[in-house]
Each structure stands twice: as C-alpha cells, then as structure tokens.
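In: Sequence plus the predicted model coming up.
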Amino acid sequence: MREHRVTGRLTATTIAPTVREADEAALRREQIDEVFRMVIPGVAGAGLAALILAVFLVALGASDPRTASIWAACVLTCAVAHTLLALGYRRADCVFRAASTWPLAFTVVAGLEGIAWGFAPVGLTPDAPFDIRFLPLAVTLGVTAGAIPAFGPWLPAFLALFLPATLPYVAANFFAPALVERASAFLMLIYVVVMGGLGVRSHRAFIEIVGLRLRSEALAEDLRRERDTADAANRAKSSFLAAASHDLRQPVHALGLFAGALLRLDLPGEARLLVERIEASAAAMDGLFNAILDISRLDAGVVEVAPRAFRVGPYLARICRDLRPEAEAKGL
C-alpha cells in the first residue's frame, strides 16, 4: 500500500481500496484463467474413466446396464459442459471474461460432476462383493485427487466436486455391519481430510505465487514510471542549464568588452592591473558558462566526448592571480 501526501494530509485511505480492488480483480482473473486452462484434460480423462468403468461393471454383471449408462452419461455430460465453458471462455473478450457467470457456471457443473462421482461407489454396485465395489471407489479416488491441480486455483469449484464425490461413501459405510466396510469408510474419511487439506494448500500456494507475480509486475511498472519521470527531470534540467548559461553569458561578454575598452585608456599601473584581472575573471566566467553548456549538451547526448591532454599551468596561474589579493589581505 502506497501513501501519497496531498496538501499535507495522507490520502492512503482513499487510494488503498482502489489498489486492493485492482489486485483482487487481477487475481480473480488469474484463477479463472488457470482453471479453464486445466479443465479440458482433467474432465476428458474423468469422462473416459467413467465410460470404461461403466462398461467393465456391466460386463462383470456387477451393475445394472441402465443405471451404469445413465451414470456414465451424466459424467460425460458434465465433461462436455466443462469443455464448452472452457472453449467459450477462451473465445470471449476480456470484458466478457470478467463476468461473474463464468466461475459460477464452472462451479455448478463441478458440483454436478461431484454428485455423479459420489454416486459411483455407493450406487453402481450395491449388491456386488466388496472387491468389485472397491473398483468404482478407486476410480473416484483418482478423479478427486486429480481435481487438486485442475480445480485447485478456484477453491469453490474444487470443494463442489471433492466433497460430494467422497463424503457419500463415508456416510453410507461408516456404520455398515461388515468390518471391512466400516474400515474403508474410516480410511475414506482420513482421505477426505488429508486430500481436502492438500487442495486448500494448493489453492493458497497458487494465490501466493500469482500475488507475488502481480506485485513484481506492479513494482516493475512503478520503476518504469519513476525512470521516465527522472529522465524527464534530467531533460528539463539540461534545458534550463542551456538556457541559463546562454542568457548569463551575454552580460559576462559585455563585461569583457567593457574591460577591454578600459585597457585602451591611459590608466595608472595599479588600475590597469585591476582591469586586466577583471578581464581575466570575465573570460574565466565565460569559460565556466561554456562548460555548463557543454555539460547540458552531454546530458542530452548531442556531444561526443574527446578526452585530450592539456596544460594545467595556465589554470593554476589564473587561480593564484584571482585569489592573491584575498590571500595577501589575510597574511597568507
């Protein structure tokens, strides 16, 4: 959260909500983009597994063909619905993607698919031996585990699929007469807690990663704006130096002309020496303005630097000449 001072008062309370809302909107878009990107492979695999499971259960005589067909059709319908949603979302423009109907429709279909998979372990093979009834349970476990990376970025969709797909088996067998069924229900409950927790942690990890990336992009954008501001200020400084040095050189040049005119007069020796020093100082000042103008040109990148050797003696002599009267007055 950044704070801005306007007329001496903090305005963070008015700016922060806007920044936070923008971050939340960007994060929400990332979540929806990710689930729609991952959903097609996941639901395609789940639909294929449902079809194969129904065929094998009917072939084994463990499931009623009508029940198995209706159940497989429900799972495939949910898979097709998810696929159509994903394709529609990819073709939609950015404004239409921001609508809340996309995640809502995705979550509803996920809930229906979860109900269908929750029916598989308890309704497809009600009278079959436990080893046969374990087959739809194993497929359901695989589907719900695969929902963690596929639906994890959008937590409501993950929970809508995961809980209806797993809890019915726990409720149906927790108090079953057979010990093996009660044990499987207890183990299923542990699976729900552990895998549900992993799904929540996966969701939080995704939020943290995306949040870090969004903050990095925001910092990079701020840095770019600050750099542009600094470049603009530097260009303004160079323009000011060029204008100021050009304007100030005119009176200095006039001062040099006046000093030259005085030297043409018949002056006493001490007065002539003072006028010569004035003329030298004016020339030195003109040189300084020329240097300032050169620096501004260098900042603007219009002058190429050509280093060369020079005689330092004249510069030291000029400094000594300019400062000699003040040094003599102080007894130095």
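Out: Nice, thanks for sending it over.

In: Help me confirm that Arg308 is found in a strand?
Out: No - assigned with DSSP: H, G, I helix; E, B strand; the rest coil, Arg308 falls outside any strand and is coil.

In: Could you tell me how many residues sit around it?
Out: The tally of other residues near Arg308 (other CB atoms under 10 Å) stands at 4. To be clear about C-beta, it is placed using only N, CA and C from the backbone, and glycine gets the same treatment.

In: same deal with Gly287?
Out: Gly287, neighbours per other CB under 10 Å, totals 13.

In: do you know how far it is from Ala280?
Out: 10 Å (CB to CB, to the nearest Å).

In: cool, Ile190 as well?
Out: Relative to Ala280, Ile190 is positioned 96 Å away (CB to CB).

In: For the host helix or strand of Thr229, name the packing helices and strands.
Out: Secondary structure here is read from DSSP states H and E; on that basis Thr229 sits in helix 179-263. Judged by 3 or more CB pairs under 8 Å, 6 or more residues apart in numbering; DSSP states H and E, the packing partners of helix 179-263 are helix 12-59, helix 130-151, helix 155-173, helix 269-300.

In: and the angle for that helix with helix 269-300?
Out: Relative orientation of helix 179-263 with respect to helix 269-300: 150 degrees, computed using axes from the mean of the first three to the mean of the last three CA atoms, to 10 degrees.

In: tell me the angle helix 179-263 makes with helix 12-59.
Out: With the same axes, to 10 degrees applied, the angle from helix 179-263 to helix 12-59 works out at 150 degrees.

In: tell me the angle helix 179-263 makes with helix 155-173.
Out: Between the axes of helix 179-263 and helix 155-173, defined by the same axes, to 10 degrees, the angle is 170 degrees.

In: where in the stretch 1-150 of the chain is pLDDT low?
Out: Counting by pLDDT under 70, the stretch 1-150 of the chain shows low-confidence ranges at 1-22, 94-99.

In: residue at max distance from the center of the chain?
Out: No residue in the chain has its C-alpha farther from the mean C-alpha position than Asp266, which lies at 78.7 Å (CA atoms, centre = their mean).

In: just checking, that residue is part of a helix?
Out: No - read with three-state DSSP, Asp266 is coil and lies in no helix.

In: dump the residue contacts of it.
Out: With contacts taken as CB atoms under 8 Å, 6 or more residues apart in numbering, Asp266 has no neighbouring residues.

In: ok, back up a step: what is the distance between the helix holding Thr229 and the centre of its chain?
Out: Put simply, helix 179-263 sits 11 Å off its chain's centre (CA atoms, centre = their mean, to the nearest Å).

In: quick check: mean pLDDT across it?
Out: Helix 179-263 shows a mean pLDDT of 83 in the predicted model.

In: by how many degrees do it and helix 130-151 diverge?
Out: Taking the same axes, to 10 degrees, one finds that helix 179-263 is oriented at 10 degrees with respect to helix 130-151.

In: Output the helices and strands packed on helix 179-263 in CSV; the columns should cover distance to Ala120.
Out: Formatted as CSV, the entries for those read as follows, by distance: least, CB to CB, whole Å:
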stretch, distance to Ala120
helix 12-59, 7
helix 130-151, 4
helix 155-173, 8
helix 269-300, 74
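
In: With respect to burial, which of the ones you listed scores highest?
Out: Scoring these by mean neighbour count under mean count of other CB atoms under 10 Å gives helix 155-173 as the most buried, with a mean of 21.

In: other SSEs contacting it?
Out: Contact partners of helix 155-173 among helices and strands, from 3+ CB pairs under 8 Å, 6+ apart: helix 101-123, helix 130-151, helix 179-263.

In: who wins for proximity to Thr83 among those helices?
Out: The stretch from these with the least distance to Thr83 (CB to CB) is helix 101-123; that distance is 10.0 Å.

In: The residue nearest to Met38 when sequence neighbours are not counted and Val43: what is the separation?
Out: When the adjacent residues along the chain are set aside, Met38 lies closest to Ala150, with 4.6 Å between them (CB to CB, 6 or more residues apart in numbering). Ala150 sits 8 Å away from Val43, taking CB to CB as the criterion.

In: try Gly142
Out: According to CB to CB, Gly142 stands 13 Å off from Val43.

In: and if you look at Val200?
Out: Applying CB to CB, one obtains 21 Å for the distance of Val200 from Val43.

In: repeat for Gly123
Out: If you measure Gly123 against Val43 using CB to CB, the figure is 21 Å.

In: Look at Phe106 and say how many residues are nearby.
Out: 24.

In: Quick check, pLDDT for the nearest residue to it once chain neighbours are set aside.
Out: Closest residue to Phe106 in three dimensions, ignoring its sequence neighbours and counting by CB to CB, 6+ apart: Ala157, at 5.5 Å. As predicted, Ala157 sits at a pLDDT of 92.

In: quick one: Ala157 and Ala110 touch, right?
Out: Yes - with contact taken as CB atoms under 8 Å, Ala157 and Ala110 are classed as touching, separated by 4.3 Å.

In: Tell me, how many residues neighbour Ile115?
Out: When counting by other CB under 10 Å, one arrives at 16 neighbours for Ile115.

In: Leu214 too?
Out: Applying the criterion other CB under 10 Å, we find 15 residues in the vicinity of Leu214.
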